[in-house]
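K.L.:
Turn this into a structure:
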Amino acid sequence: MVMSNPVMIEVTRGPLVESFHTGALAVVTPDGVPVATMGDVSRPVFPRSAIKAMQCLPLIESGAADHYGYDVAEIALACASHTGTPRHAELAAKMLGEAGLEEAALGCGAHMPLGSSAQKALIRSGREPTQLHNNCSGKHAGMLATARHLGEPIEGYWKPDHPVQRRVHATLSELTGLALNRDVMGFDGCSLPNWAMSLSATARLFARFVTKKGMGPDRRRAVDRILQAC
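P.N.:
Now for the predicted structure:
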């Protein structure tokens, strides 16, 4: 039986409710104990870009970030859904350059900048968008840098069986305590694998991430760097 989610938002215009929106909410402790829940918090959903900070952990834990001299700006971009400004695109290119790579190595695909100002500026310039303008280019640049640092193939780094993605999968499994098998795997808009989990499990993931409960010293330091950068 599918649980119906309650109305959580009402949009009014004048004296009338013009539209309403249902949703679910989960607040849990790092141990997974519910604090507050509303709606269906057990149905698997794809966290997608919400977990970029967790996908960034291997970049730091592998030593790649230090090897290539990545500072807070690079780490923040690796965790970001950026708006494709010149600053963002240039920083993503710099991340690749430090690892001896160019834009062609990216597998995220090109799209117009998400930011309206950056989009209009690019149109006025007469230039076409590149993969550097993709809002996920920082995350992909970080994954490529990790592969290059560890001597792994650059080609196909976005595929589920590549060591880069197996490492991300292992990290997410450790943090959630879930198996995250292929039966809950889909693909994000930037071509990377993404694993569905319940809203309660996602809430626990964030609770563990910000409190660092149960983490070893190396992971705690990596999480601190990400939180400070973001």
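K.L.:
CA atoms for contacts and neighbours, from now on please.
P.N.:
Fine.
K.L.:
and stretch 200-213, what's its mean pLDDT?
P.N.:
Across stretch 200-213, pLDDT averages out at 96.
K.L.:
and the residue nearest to the spatial centre of the chain, which of the three is it?
P.N.:
By Cα atoms, centre = their mean, the mean C-alpha position of the chain lies nearest to K52, the distance being 1.9 Å. Secondary structure, DSSP: H, G, I helix; E, B strand; the rest coil: K52 is helix.
K.L.:
Next secondary structure after whichever strand or helix holds V164?
P.N.:
Take DSSP states H and E as the rule and V164 turns out to sit in helix 163-176. Downstream of helix 163-176, the first helix or strand assigned by DSSP H and E is strand 185-187.
K.L.:
ok now that following strand, how far from the chain's centre?
P.N.:
14 Å (Cα atoms, centre = their mean, to the nearest Å).
K.L.:
Remind me what that strand packs against, helices and strands.
P.N.:
With contacts taken as 3 or more Cα pairs under 8 Å, 6 or more residues apart in numbering; DSSP states H and E, strand 185-187 sits against strand 193-195.
K.L.:
buried ones in the helix or strand that the strand it packs on is followed by?
P.N.:
Per DSSP H and E, the first helix or strand lying C-terminal to strand 193-195 is helix 199-211. For helix 199-211, a neighbour-count test (16 or more other Cα atoms under 10 Å) marks 199-209 as buried.
K.L.:
For E10, state which of the residues you listed is nearest.
P.N.:
When the buried residues of helix 199-211 are compared for distance to E10 (Cα to Cα), L199 wins out at 21.9 Å.
K.L.:
Next one: the closest one from P47, what distance?
P.N.:
9 Å (Cα to Cα, to the nearest Å).
K.L.:
Check N134 too.
P.N.:
In terms of Cα to Cα, N134 sits 19 Å off from P47.
K.L.:
Which of those two has more residues huddled nearby?
P.N.:
A direct count of neighbours by other Cα atoms under 10 Å for N134 and P47 places N134 higher, at 26 against 16.
K.L.:
list the contacts for that one?
P.N.:
Each residue near N134 by Cα atoms under 8 Å, 6 or more residues apart in numbering is listed here: 82, 84, 108-114.
K.L.:
quick one: which of those residues is nearest C56?
P.N.:
Out of those, the member with the shortest distance to C56 (by Cα to Cα) is H82, at 14.8 Å.
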